[in-house]
Every structure is written in C-alpha cells, then in structure tokens.
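Student: predicted model, plus sequence, below.
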Protein chains: 2
Amino acid sequence: MSCHPDRERPLDGDIDPQETVPSRKNTVFVDGVILNGPTTDAKAGEKFVEEACRLIMEEVVLKATDINEKVCEWRPPEQLKQLLDLELRDTGEPHHRLLELCQDVIRYSVKTNHPRFFNQLYAGLDYYSLVARFMTEALNPSVYTYEVSPVFLLVEEAVLKKMIEFIGWKEGDGIFNPGGSVSNMYAMNLARYKYCPDIKEKGLSGLPRLILFTSAECHYSMKKAASFLGIGTENVCFVETDGRGKMIPEELERQVWQAKKEGAAPFLVCATSGTTVLGAFDPLDEIADVCERHGLWLHVDASWGGSALMSRKHRKLLHGIHRADSVAWNPHKMLMAGIQCCAFLVKDKSDLLKKCYSAKASYLFQQDKFYDVSYDTGDKSIQCSRRPDAFKFWMTWKALGTLGLEEKVNRALALSRYLVEEIKKREGFKLLMEPEYANVCFWYIPPSLREMEEGPEFWAKLHLMVFQINP
Amino acid sequence: MSCHPDRERPLDGDIDPQETVPSRKNTVFVDGVILNGPTTDAKAGEKFVEEACRLIMEEVVLKATDINEKVCEWRPPEQLKQLLDLELRDTGEPHHRLLELCQDVIRYSVKTNHPRFFNQLYAGLDYYSLVARFMTEALNPSVYTYEVSPVFLLVEEAVLKKMIEFIGWKEGDGIFNPGGSVSNMYAMNLARYKYCPDIKEKGLSGLPRLILFTSAECHYSMKKAASFLGIGTENVCFVETDGRGKMIPEELERQVWQAKKEGAAPFLVCATSGTTVLGAFDPLDEIADVCERHGLWLHVDASWGGSALMSRKHRKLLHGIHRADSVAWNPHKMLMAGIQCCAFLVKDKSDLLKKCYSAKASYLFQQDKFYDVSYDTGDKSIQCSRRPDAFKFWMTWKALGTLGLEEKVNRALALSRYLVEEIKKREGFKLLMEPEYANVCFWYIPPSLREMEEGPEFWAKLHLMVFQINP
C-alpha cells in the first residue's frame, strides 16, 4: 500500500493560492486549535480498514455463510450487555481493541446470510449487491442533486425504467426510499394529492373524511401510514378476504358504496401482491375495475410479491398490475439486494410526484445550474439526504441478468413447493393451505395433541406453538 | 482462503433428519428447477468480493482522499450515460467486466471524502464509521426485533442514552431513522399525538386547524412534513428572524396569540439549532418560555447544530436545549458517521413514542417471546425494516472517545474562524456576517463590480454568482 503524507493539505497563515505544495513554516493557532497538518493518522486509519476488511471477509462472508457454523450465538439482553463493552467513554480505544469489539459484534449478531436462517426477508448472501454496498459506503454519496451523485442518479433512472417495464407501464416515474412502509406512505399521500391538490397547502382540516380501502390481510404499515398522514386508522377500511387471504372485489365495491353513503370521501384502494403472512395476491384486474368505476387511485403493495414479476412462469400472480396507479416493490427481499432497497413507482408522467413532494429549497435545487436540473430528483423525496439504494439492485441485475433473477424467483417458489410436499409426508405436520407464493404456513402438532379432535381445546393448546416459514 | 464446498446444504428427495451430511444420490426436480446443490459458486463469489474490496481500498479509501487526485471527473448527464454501460440485460456479465463497471462508477462519482470537497454535509473520511458500515452491510440486519438484531439494538440503546445525556435530559427515548427530515416528521406527529391522541384513530377531519411555528430560516423539511402529515404548508407559521437569522421570541409569541385569535390550534414550535444557510441558533431558552406559557411542544431541529453539544466550548450555542420536548440530531454531518445516521430524541419516558407509533403487528411483535420484548423497538418506528445506523456513530465514538469528537467540533469551528479572517484580508471577498457556527457566508465580488456602488444594479449583477461554504 502506498503512503500519502500530503493527504490533507496543511493550512498556513501565508498560503499562496498559486502554490500547490504549501510550506509548513508557520503553525496556525485559532481558538486554541492547531490548524496545520492532518488531524488523523491516515496511514494507521487505512491499516485499520484493511484489517477490519480481512475480519469481515473471514467472519462474515466466509464463516457466517457456512452451514457448519451457528446461525446465532444467542444471549438474552441483560446477559449480552455484560458480554459486550457498549459504554462510550471520554477517551478512545486503540485499534487492536476496536478489532476485538468488531469480533464481538459479529459473534453475537444473527447471521442473516446463513443458509439456515429462516426469519423474515432474507434469502442468503448475494455477493454482487454486497460489493455495491461496500462501494456506496466508501463513496458515501447523497442522491439529491446530479452534481453530488451523477452516477447514482443515472443508475436509479435506469433501474426505475426497467422496473416500470416489468410492471407493464409504457412510462412512469418513481423513487427509491427507506422501506415498503414508506413507499405505502408515498402512495397514500400522492393519491390524496391527486384527489385534492389543495391538501398540500391547506391540510385536512375542514375537509370531508377521507377514506381508503385495503384487505384485512394487508401489511401493518397501512395503519401506520393512515395515522402518520393525519387520515386516522379508523378511516382505513379493511375489506374482507376469501379463504386464501385475497381481497374480495365485491366486498370492496360494497364498502365503497357504504362509505359514500356515510358521507366519507373514498380516494384510494391499496391492493396487496404477496401478503405478509399467507403470501396471498389480491385479484388486481377485478379491483382495478372497481377503482375505475369509482375514480379511485389503485396502489399495489407488491413489496414482497413484486419479485414474481421477474419470472415468466409466476408473473401471472400479479395479473392486472399494469392497471395500478402506483406500486411498492422491494428488491431487498426475494431479490436479495440488501436492506434497504425499495422502489415506489408511479404510472403518471405529468410530474405528479414532483408537484406533490417539492418544497423547492433554493439552497439545494437552484434552477440556474450548468446542467439539466431535471436530474436533481431530490425534490421528489420526503428526505433530504438519500442513500443510493438502486445501485445495489443494479449491480446484482448486471451480474445475473434478467434470466438469473428469474431463476432466483423460480427456485424460491420451487423450494416452497418442495417444502409443501415434505410437510404432507411427515407425521405431526399440518399444512394450512396450498401456497401460491413462497410463504408456507403450517402447524406443527406435538405428539400429545395428535389424537385429539380439532375442537376449541385443541386449537387453544396448539396456539401456544406457532411456526411460519418464508423460504 | 478456505473453501466451503458444503456451504449450502443440498436438498434431497430422501433426507434423513438425523443425517448431518446428506447424500447427493438423487436429483430433486420441482417445477422444472433442480433443487439439489448450491445455486451460486461460493468460491467465485468470495473471490469477486475480495477483488472488489481491493479496488475499493485502492480507488476510494486511498486515491479518493488524496489531495493530488481530482474531486470529480465531471460529465454532464447525456455524456455520462454514453460513458457508463447502464443497461440491464437478459444475461449477466462476467466478474472481470463487473470490476470494470465498478471502476467506472468510482471514476465518475464525486469523491465526497476528498479534502477539497466542499459541498453539503461532509467533513472527510472517517475510518471507524466506514468499518462499521462495512460490517453492517455484510451482516445485513434489520433492527426491529431483538431476536434478529440483538447487538445492534443494544448499541442503539447505548448511543441514544449518551446523546440524551449530552442534551441534558435525565432520561428519555428515541429512535434512529433515515434523515433529519424524517426526524422532524416524527416530532410533528408526536407533538400532534400529545396534543390530541384521538388523531391517531380519527384523523384531522373535523378538527380545528392545527398550526405550528418555526423560523423563516428553518430547513425546508418543515414544509414537507406539514404537507405529508396532512397539516398543510399554510399552517406552518414562519416567524421572523433577526439580522443573524435567529427566531425572534417576541414575534413567536405575537404569532401564537394571533393564531389563537383566528381560531387555529397551535400545538408545536420547531426551533432550529444551526440553520441550513446561515448556521444560526435560535434562542432556545426564550422560546421554551413562550412554549411553557402556551402549552406548546418544543422541538429543536439540531440536525446540523447538535454536534456542538459535544464541545464544552461551543455547547452554549444550544443553551436551553434541555427544555425541549424533542430533538433531531444527525451525527452523519459534522461527526462524520456516514449517510444516514440521524437520531430523533424525546424527553418523555411514559412510552409516548411507542403509543403514538405502534401498530402491534402480531406476526412480528409477539408478546409471548422468550425474552424481554421491550427490546423489540421496531414498533416505535414508521418503518418496518430499519438499518442499524446507530452502530456507525458508536464505532467512531468508541475509537475517538468523547474528547476526540469534541476536538472535531472545535477544529471545524476554528477552521471557519480562520476562513473568516482570510476572507477579510482578501480583495474581492465580502463577508456576509460573522459566523457563529461552521457556515461561512460570503460574496465574491468580481473585478468588474468592485468599484460599483452597492445599489440594485450591483446586487442584481452579483446575484448571478453565489457561493456558500460549509467547512
């Protein structure tokens, strides 16, 4: 490794602006601080990064994906606090001690990349998105203006364009943001803006009661969003689902009529493609018909199920999604892009997203820059600083191609099929229903209950043991 | 590097659950997919990660912080699109080609760690938070439940506790979230919940017009938040500031009275500690008096200025902050923790944050777990998946100690002092005002205007050239 002793330009009381290598003849004291020279030992810092990278490679990339290693070295909170040196003190720790701390952090963390980790969201380690994530952490960009993030803004544009193509829209708009929950908030606010643009300035006070519809099996972020946006959780109408967890379109229409009769103002239907527990897909085509008849915005929460769009075999699960006004789709789930990687996509191309979200901050979004400022997409966002999340998905897509991503989806669904067949064969396992996606819901019946009749007592006892696996 | 041929356990049609090394005698086909054996070549993937890490080390950690290298190889959007191979295709690219792509991405990205990069937010490369970020990207956790993120939830608790101590509260609560803008939204919603808890369920419809107060120099996220939360931008009262950009407390009180007279419902004052452009600090003590008199929630947006709390010399800038009900503070700015690292902090310890934000999702936040579920802090959040942002700040704090962080702040402010003195000495530079923080605002007067009188024509011409530097 080369050494850069002049990494930081020393300040000098007498700097000649033409001089490229400044002299160090004077020491500059200001407010008791010596300003000359580097503050950090760059060489030691670089060595620390190198050593830590070696540790991460050994302990996380290799060991934490090894089937022969533990998924987790479990300790309850109070005990773990004793094992870790969490306290923040006046003086710092030397590098060797920091590396020990890193080792402890890895040791007691859950290995979400492990092939036997079966909690929410994960599907193993993806080397390509990992590299992309290392790169963006090192470059530390913020994607609000093109001048600060030229590459990452173009990458985001390219990824959004391709996702829009897979939804089946001719054109569209979108923004990567910190989570499916936030995407759903974006949708709710945008639908509200479309319904009544004045709300941006005037707020909801004095307006009729806005009401939205989603299925009883929707993600809990719908309630969070309604509460956060001032709509209120009571104005989320939970439409009944069928035995497979799918919204019943006739029930939706009945509830829309009912709401209108009660003087409320319906403005939005949130369908779900891939519900959290059952993995159910709402019938989008029929729901779109209802939305068209009543002039309602159709948002599809495909945070989980959107990945099926990559598979020619399984994309029929989302049949009708091209009729949606907006879609939430998280490549950080089945497509393994790393947390977080979440797109909010909009069919509109009349700049609705920008009109709804812009605050036109003059210190950031000057209109007289020396390039096409339509690339300064930060004003479409509820955030100011924003991470380049699209890049990690772009890298995996580049590495595997569309066909490789398709294979991932097909494999995940074939695996759940396999699991279903195994469950059927095993004594003591009871499949809840045939899955349509990667969620396989089943009961484990302990030996003591296997001979019992399926009455209230049976279910009360069984409810003490619940399993759910998302392969 | 060791090789792990059995990294992924191959599936088998005939697996004996007791068998630890399964046989590979059968090939399992399900839905046309071969399920046996690893899908990815782990060894090749690991080699790719190693090579990419070497590239990142050379090109970003070393070269992109080198004063002799460029901050940016600038290309306008259309030209950059030609230079980068952005397109996503059906088939993937080989590793050597991916590494070339990585090289291109680095080449055309802005080097925000470079000592001569003077755009928003940044202050060079911090080796410690960088290592923490590499670790969390490799571990890929989500901090909603203790069972999935034991270490990172305890780290978050430790960091929040320490930040609360620096604010001067005896106790408190908080949550790391994706940005100062989002922190301000958290505050606005929490203050509203405190004002009227029913809004969570009922929404704003039919309520009197809620109104909030902030200074004319506040961050633009206040308007974004008011619009997003259904309050409306017109219900943000911008209180006049003095010549230094500080909110005038008498003006605040006058506007509160005025709003009440007009039948509106004041509920919140957002003071700013470190405004975006001028770096002004609102007089918190006087503002807290007004809030107390009128029963208003006091939120302090210290996203930028909060770091001064680390310095015994400069923390007086935030005198009175202990009287705030909530604070936004971003260690990703002057304290260099990497984007994003933003804390929203609350004085209340009656679980107000949780009561306001919880949706009690039963699939995630079961109440009958085998550990103390008060560590499942995810239900305090508007997000579901959440990144372990506290960890990067914790690592830097561990490495440098409180004294090291204090030195960073003192040095940044001494540097701006130095810049001010240099501006005063140079011909053609005109200081706007003496700074109180790290923002130094000045005009560059081009030679053609130096003899001109400071009338409307002078200012019109000068406005075509604007500089602002946040050291």
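Tutor: Nice, thanks for sending it over.
Student: what pairs with the lengthiest strand in chain A, parallel or antiparallel?
Tutor: Longest strand in chain A, counting residues (DSSP state E): strand A:265-272. Note on strand A:265-272: by DSSP bridges, its sheet partners are strand A:210-215 (parallel), strand A:297-301 (parallel).
Student: reformat these as JSON lines; add mean pLDDT.
Tutor: JSON lines is the format used below for these (pLDDT from 0 to 100):
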{"stretch": "strand A:210-215", "mean pLDDT": "98"}
{"stretch": "strand A:297-301", "mean pLDDT": "98"}
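Student: right, and the helix or strand after the longest strand of chain A?
Tutor: Per DSSP states H and E, strand A:265-272 leads on to helix A:284-294 as the next helix or strand towards the C-terminus.
Student: just checking, what packs against that next one?
Tutor: Packing partners of helix A:284-294 (3 or more Cβ pairs under 8 Å, 6 or more residues apart in numbering or on different chains; DSSP states H and E): helix A:249-261, strand A:265-272, strand A:297-301. (Each C-beta comes from the backbone N, C-alpha and C, glycine too.)
Student: switch the ones you listed over to JSON lines; also include distance to A:Lys202.
Tutor: Below are the helices and strands packed on helix A:284-294 laid out as JSON lines (distance: least, Cβ to Cβ, whole Å):
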{"stretch": "helix A:249-261", "distance to A:Lys202": "22"}
{"stretch": "strand A:265-272", "distance to A:Lys202": "15"}
{"stretch": "strand A:297-301", "distance to A:Lys202": "19"}
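Student: quick one, which of those gets closest to A:Leu413.
Tutor: Closest to A:Leu413 of the helices and strands packed on helix A:284-294 is strand A:265-272 (Cβ to Cβ; 17.8 Å).
Student: how far does the closest one sit from its chain's centre?
Tutor: 22 Å (Cα atoms, centre = their mean, to the nearest Å).
Student: low-confidence regions, chain A specifically.
Tutor: A:1-25, A:37-38, A:465-471 (pLDDT under 70).
Student: let me see the domain layout of it.
Tutor: Chain A breaks down by the TED database into domains covering A:41-117, A:131-359+A:373-399, A:401-469.
Student: now do the end-to-end distance for the longest one.
Tutor: Using Cα to Cα, to the nearest Å, the end-to-end distance of domain A:131-359+A:373-399 comes to 11 Å.
Student: centre of the chain to that domain, how far?
Tutor: 12 Å.
Student: returning to what we had before: what angle sits between the longest strand of chain A and helix A:284-294?
Tutor: In terms of direction (axes from the mean of the first three to the mean of the last three Cα atoms, to 10 degrees), strand A:265-272 departs from helix A:284-294 by 170 degrees.
Student: before we move on, back to that, CSV for the helices and strands packed on helix A:284-294, including distance to A:Lys392 and mean neighbour count?
Tutor: Formatted as CSV, those follow (distance: least, Cβ to Cβ, whole Å; neighbours: other Cβ atoms under 10 Å in any protein chain shown):
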stretch, distance to A:Lys392, mean neighbour count
helix A:249-261, 36, 17
strand A:265-272, 25, 26
strand A:297-301, 21, 27
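Student: for A:Gly180, find the nearest of those.
Tutor: strand A:297-301 (6.9 Å).
Student: could you list every helix and strand that the helix or strand just after that closest one packs against?
Tutor: Once strand A:297-301 ends, the next helix or strand along the chain (criterion: DSSP H and E) is strand A:326-329. Packed against strand A:326-329 by the contact rule (3+ Cβ pairs under 8 Å, 6+ apart) you find helix A:150-167, helix A:180-195, strand A:297-301, strand A:342-346.
Student: output strand A:326-329 as PDB, nothing but the C-alphas.
Tutor: Only the C-alpha atoms of strand A:326-329 are listed here, as PDB (Å, rounded to 0.1, in the frame of the first residue of the first chain):
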ATOM      1  CA  SER A 326     -48.600   3.200  -8.200                       C
ATOM      2  CA  VAL A 327     -46.600   0.200  -7.000                       C
ATOM      3  CA  ALA A 328     -44.300  -0.500  -4.000                       C
ATOM      4  CA  TRP A 329     -41.700  -3.200  -4.800                       C
END
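Student: pull the number of nearby residues for A:Leu80.
Tutor: When neighbours are counted by other Cβ atoms under 10 Å in any protein chain shown, A:Leu80 registers 21.
Student: thought it was touching B:Val155?
Tutor: No. Taking contacts as Cβ atoms under 8 Å, A:Leu80 lies outside contact range of B:Val155: 10.6 Å.
Student: any chance you could map the helices in chain A?
Tutor: A:42-56, A:77-83, A:95-108, A:127-139, A:150-167, A:180-195, A:199-202, A:221-228, A:249-261, A:284-294, A:352-357, A:390-425, A:456-462 (DSSP state H).
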